[in-house]
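*Asks:* Sequence first, then the predicted structure, then my questions.
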Amino acid sequence: MRPIRIVAVFAASTLLAASNQASAQDDVLVLGDDVQFDADADFGFDDDLFGAAFDEDNSASKASWLDDFTIKITQQFSGQVNNHSVTIPSLFSFPREAELETNRLGANIRYQNAFAPGWLLQASGKIRSYWRDDYEYEAEGDKIDIEYRVNEFFLQRSFDQHSLKFGRQTVVWGETTGNSVLDIINTNEFRDFNIIDIEDARLNQWLLVWDYFGKDSNFSSFLNIYPEFNPPAVRGSPFFFEPAFNLTDYDRDSGLQFEAGTKWRKSFEGSDISFMAAYLYENQMRFEDPVSGIGDAIAQVNDFFLLGFSANRAVGKLLLNFDLAYSRDVQADSFSFPGTASLANPVNLKKDQIGTSFGFEYAISNEQSVSLGIQAQKLLDEDEGLLPGQALINDGVFGSWLVRYSNTLMNSDLVISSTLQGDLDANSLLALLGIDYTVNDNWTVSGQVISITSNETSPLIFFDEDVRLAATLTYSF
Amino acid sequence: MRRTILGKGLVCLAAALLLIPLQSLAQDLSAREIMEKLEDNRRATSNSALSRMQLSTCKFGVREGKITCAERPRVKSLESVGKGYGAGLRDTRSVAILLEPAAERGIGMLSFIYDDGARDNETWLYLSALGRVKRIASGSSDDETEPGSLFGSEFTTEDQDTGKLDEYEINLLEETVQAGREVWKIETIPNAERARKSRYSRTVLYVDKERFVELRIEMYDQYGKEIKRMLGSRVEQMNGIWVARSTTIMNLVTNRLSNMAFLEMHTGIEVPDEFLTQRTLTDAAFRETELEKLRAQIN
């Protein structure tokens, strides 16, 4: 049975269970008139669970410097479990064996402190220790490797109608969740298939952000004088392919680089709209072979202009989202599927591009929600500048779609979610099923099943029929 | 305006003087007038108010006539600031920020609740992981779905709704006793327009005749089955306003309940309009500074 079928069956079962739950809505507990809370006895609860809330000691909470910290410790295992072979038609075939890919202990630390009126310091970072059989352990020559990274680190000053933030941070544009064509300010890193959500993959950059909060509308502007780019795939990770030449960072001696942009946002009753404009660098670098054929690959970057518009509209329980982007002078060829950008080696040709992302979010009930996002882009004058017989990878309309469903069960302790993601040409499909179980306010256990199906026209062909299982234990406090 | 001891004393004195005539006047009130007074009281708890609440949710069972949590409840603590707007301050804007648990600290919700039935209430949420303010569709499009939940609890935006009385048929069913208190038993039935936006086809309220506080609310679906019951207890005067400091809503379909405990409630707080905007969700420096100013008004 193809992996996707297994996942499809599981997804169908999940939806069936959900529909069964919905059909059971008529089974109502009949409460007698005598069932009531005693006003003098803490609601009549046998164990007085909520009554403690009114205890004097409880209401007088004592502040501690530790309150400014949120710490999350995780141990994660994941691996590819399907023994199979991948065939690249008319080229080659290689075996794909089951193996553990990640075995890592990590800590995420977040600090937020409003240390003086109008001032705030916020920082977050992570530390990872890669254990035996983790791909990073093997890439280090079978040695335990430890990695540190600062994510957020910014100082904020708010006064009157203004707010200034300087430091490492992210800027998120666009209304469509997961695959907005406007969510391109931040660089991102998809190291492996445990991260397929853009929200988890964004990297922070050094930015100055100025927000102006007007009476009826807001402006938010940013300046980045040290644009960063998507990091190359980590050696040993599923996305890593041995390059012909060593991939190096961009040579910044060739001039001043900066990025800048501004967004105007206004809220109406039932709707929010934004207009934005920016001068940016594409997050993905393009690598050229060294001129002499010896040495390191030459990293090239590309600057472009972006004009955008986004809007949402609430209609009852339905939220409609819409984003529109016009990009001037972007690289003509790059893979659009998240996680595959590091594989790209586009031709050096600049084009204008128009793109849209749109979708909806619908809360089926307090427990269940479903969302759909479609991203579609098209290069303008796409044939112009091409050699005879040459064609772009991104020919015509290209893009991706994303469907998410989540069902919260057991008093919100159990969350079952599924994500389906594919490209518009139906060349690849990535299916994820996740289960998150909250043991208590501190402990969480989660599991994932990820399946990939692809044909030879998608870069995901290298992962065709892969099935990955992942388990994570988290302690947060 | 900062509440002074003198101000509090005057309010208490006025309440004491009004107590006896109020009860006798109350006998002559129509069902609509009772509902208006009830709603005025509700709004007073969120008008120019700073509150600290604890929200607890669990699966429940009934044992020997008493409600019992069948599992360890999930507890969230939050701080809320609200203010009345519009004609007669009948619209409410409020911000609620989660303080605990640690993993959810800083999640904020901004709500605009409109008195006019033609206007859908509005809600925005800020999740730091999402990195932006997100509008939440809070209306209900059909009878099979439930309106937006308050931080995953059984309290929904509809349960916290005020106003829109013109869209209901309101009937006084009887005068009875609930939890040892004399109450009016009142039913409200939405008109066709409101019914399309509501989960409930009929609601029965037990309103304390002296304090104008709901001690019990029964909510019925389109088949006439009671699907939710809300019980108010620990009715106390907080800053001159009668409040059920503990409100528990039981979902009789899912056997899940949520309890909202008002740990602190301070009214008469001068809340700047700028605080009840999306800025409070995203600008933590602004939010903490303004919250400190609001807390300083209490002391």
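*Replies:* It's in. Because the structure is predicted, anything quoted here is derived from the model rather than measured. Numbers count the residues shown, from 1 in each chain, chains lettered A, B, ... in the order given.

*Asks:* From here on, just use CA atoms for contacts and neighbour counts.
*Replies:* Fine.

*Asks:* Packing partners of the lengthiest strand in chain B?
*Replies:* Criterion DSSP state E: the longest strand present in chain B is strand B:49-63. Packing contacts for strand B:49-63, counted by 3 or more Cα pairs under 8 Å, 6 or more residues apart in numbering or on different chains; DSSP states H and E, involve strand B:66-69, strand B:74-85, strand B:256-266.

*Asks:* and the end-to-end length of stretch A:186-205?
*Replies:* Counting by Cα to Cα, to the nearest Å, you get 7 Å between the two ends of stretch A:186-205.

*Asks:* same question but for stretch A:458-466, I mixed them up
*Replies:* Using Cα to Cα, the two ends of stretch A:458-466 sit 14 Å apart.

*Asks:* Closest residue of the stretch 351-477 of chain A to chain B?
*Replies:* Relative to chain B, the nearest point of the stretch 351-477 of chain A is residue A:365 (5.3 Å; Cα to the nearest Cα).

*Asks:* beta partners for residue B:250?
*Replies:* Residue B:250 has these beta-bridge partners by DSSP bridges: residue B:229, residue B:257.

*Asks:* Do I have it right that it meets residue B:257?
*Replies:* Yes: judged on Cα atoms under 8 Å, residue B:250 makes contact with residue B:257 at a distance of 4.2 Å.

*Asks:* coming back round to it: got a pLDDT number for the residue of the stretch 351-477 of chain A closest to chain B?
*Replies:* Per-residue confidence (pLDDT) for residue A:365: 72.

*Asks:* Tell me if it really is in a helix.
*Replies:* No: read with DSSP: H, G, I helix; E, B strand; the rest coil, residue A:365 is coil and lies in no helix.

*Asks:* before we move on, back to that, got any residues that touch both of residue B:250 and residue B:257?
*Replies:* residue B:154 (Cα atoms under 8 Å, 6 or more residues apart in numbering or on different chains).

*Asks:* could the helices and strands packed on strand B:49-63 be laid out in JSON lines, adding mean pLDDT and mean neighbour count?
*Replies:* Shown next, in JSON lines, are those (pLDDT from 0 to 100; neighbours: other Cα atoms under 10 Å in any protein chain shown):
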{"stretch": "strand B:66-69", "mean pLDDT": "78", "mean neighbour count": "20"}
{"stretch": "strand B:74-85", "mean pLDDT": "89", "mean neighbour count": "22"}
{"stretch": "strand B:256-266", "mean pLDDT": "87", "mean neighbour count": "22"}
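
*Asks:* between those strands, which gets nearest to residue A:238?
*Replies:* strand B:74-85 (38.4 Å; Cα to Cα).

*Asks:* what's the burial count for whatever residue of chain A ends up closest to chain B?
*Replies:* Residue of chain A nearest chain B, by Cα to the nearest Cα: residue A:316 (4.1 Å). If you count neighbours by other Cα atoms under 10 Å in any protein chain shown, residue A:316 ends up with 21.

*Asks:* Also residue B:292?
*Replies:* 11.

*Asks:* what's the angle from the host helix or strand of it to strand B:74-85?
*Replies:* Under the criterion DSSP states H and E, the helix or strand holding residue B:292 is helix B:284-298. Helix B:284-298 and strand B:74-85 are oriented at 80 degrees to each other (axes from the mean of the first three to the mean of the last three Cα atoms, to 10 degrees).

*Asks:* For helix B:284-298, give me every contacting residue.
*Replies:* For helix B:284-298, using Cα under 8 Å, 6+ apart, the contacting residues are A:114, A:116-120, A:156-159, B:2-3, B:50, B:266, B:269-271, B:275, B:279-281.

*Asks:* Appreciated, that's everything.
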